[in-house]
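Participant: sharing a sequence plus its predicted fold:
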Amino acid sequence: MTKHINFEKICGSKRQKNILYQLLKKRKYKISHTKIPDIKLHNKFVENHPYREWFIVFDNEEEIGTFYIKFDNSIGLNLTIQNKENISLILNFVKNNFLPLKEVSSLIPPYFYLNISSENSQLQCILDEMEIYKLQVSYKI
């Protein structure tokens with residue numbers, strides 16, 4: 001059976017806000033937040049999202065996560081089901097549908113890159129297996 005992953009661009013509908021909130025509550029690894037916001041704050045964030053592109057990822061009809069592209073060419077990837085096939089399909093979708101923004105020295109590199117939690121060893125192993133180059137390690141002070 002062929003894997004059927006599809007992507008739905010975030011437009012901020014009530015349905016999408018609900019899906020995004022449920023996915024946020026399921027999120028195992030966090031980088032930018034330590035606690036789940038209340039639904040009102042979450043909805044406001046969705047309506048005013050700071051991302052260049054933002055998608056819900058579906059495996060058939062089941063929502064399995066999200067990804068976004070920021071204006072610095074970084075990609076945030078948050079999946080409930082992490083496997084090589086899903087990651088590959090998502091990264092191919094990005095490569096086939098978007099171009100990195102123009103390089104700005106010391107601010108925006110001329111390529112896409114992934115930001116992932118240091119605790120997400122499963123995703124790190126998948127990316128290593130896919131031979132995706134590890135660029136840097138960041139520390140919060």
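Facilitator: Good, I have the coordinates. In this text the structure is predicted, and so the values were computed from the model without any measurement.
Participant: all strands for this protein, in order.
Facilitator: Secondary structure of the chain (DSSP state E): strands located at 5-9, 53-59, 62-69, 74-79, 113-115.
Participant: just put these in CSV and tack on distance to Glu85, mean pLDDT and mean neighbour count.
Facilitator: Heads up, the C-betas are built off the backbone N, CA and C, glycines and all. Shown next, in CSV, are these (distance: least, C-beta to C-beta, whole Å; pLDDT from 0 to 100; neighbours: other C-beta atoms under 10 Å):
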stretch, distance to Glu85, mean pLDDT, mean neighbour count
strand 5-9, 8, 96, 14
strand 53-59, 10, 96, 19
strand 62-69, 11, 95, 19
strand 74-79, 11, 94, 20
strand 113-115, 17, 93, 15
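Participant: Ile87 is nearest to which of the ones you listed?
Facilitator: Ranking the strands of the chain by proximity to Ile87 (C-beta to C-beta) places strand 74-79 first, at 7.4 Å.
Participant: tell me the strands beside the closest one, with direction?
Facilitator: strand 62-69 (antiparallel), strand 113-115 (parallel) (DSSP bridges).
Participant: could I get those strands as CSV with distance to Ile90?
Facilitator: Shown next, in CSV, are the strands paired with strand 74-79 (distance: least, C-beta to C-beta, whole Å):
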stretch, distance to Ile90
strand 62-69, 6
strand 113-115, 10
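Participant: pLDDT weak spots in this structure?
Facilitator: The chain contains residues with pLDDT under 70 at 1-3, 30-33.
Participant: tell me where it has helices.
Facilitator: 14-26, 39-47, 84-97, 121-129 (DSSP state H).
Participant: columns distance to Phe67 and mean neighbour count on top of the ones you listed, output as JSON lines?
Facilitator: Putting the helices of the chain into JSON lines (distance: least, C-beta to C-beta, whole Å; neighbours: other C-beta atoms under 10 Å) gives the following:
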{"stretch": "helix 14-26", "distance to Phe67": "11", "mean neighbour count": "15"}
{"stretch": "helix 39-47", "distance to Phe67": "15", "mean neighbour count": "13"}
{"stretch": "helix 84-97", "distance to Phe67": "6", "mean neighbour count": "15"}
{"stretch": "helix 121-129", "distance to Phe67": "12", "mean neighbour count": "14"}
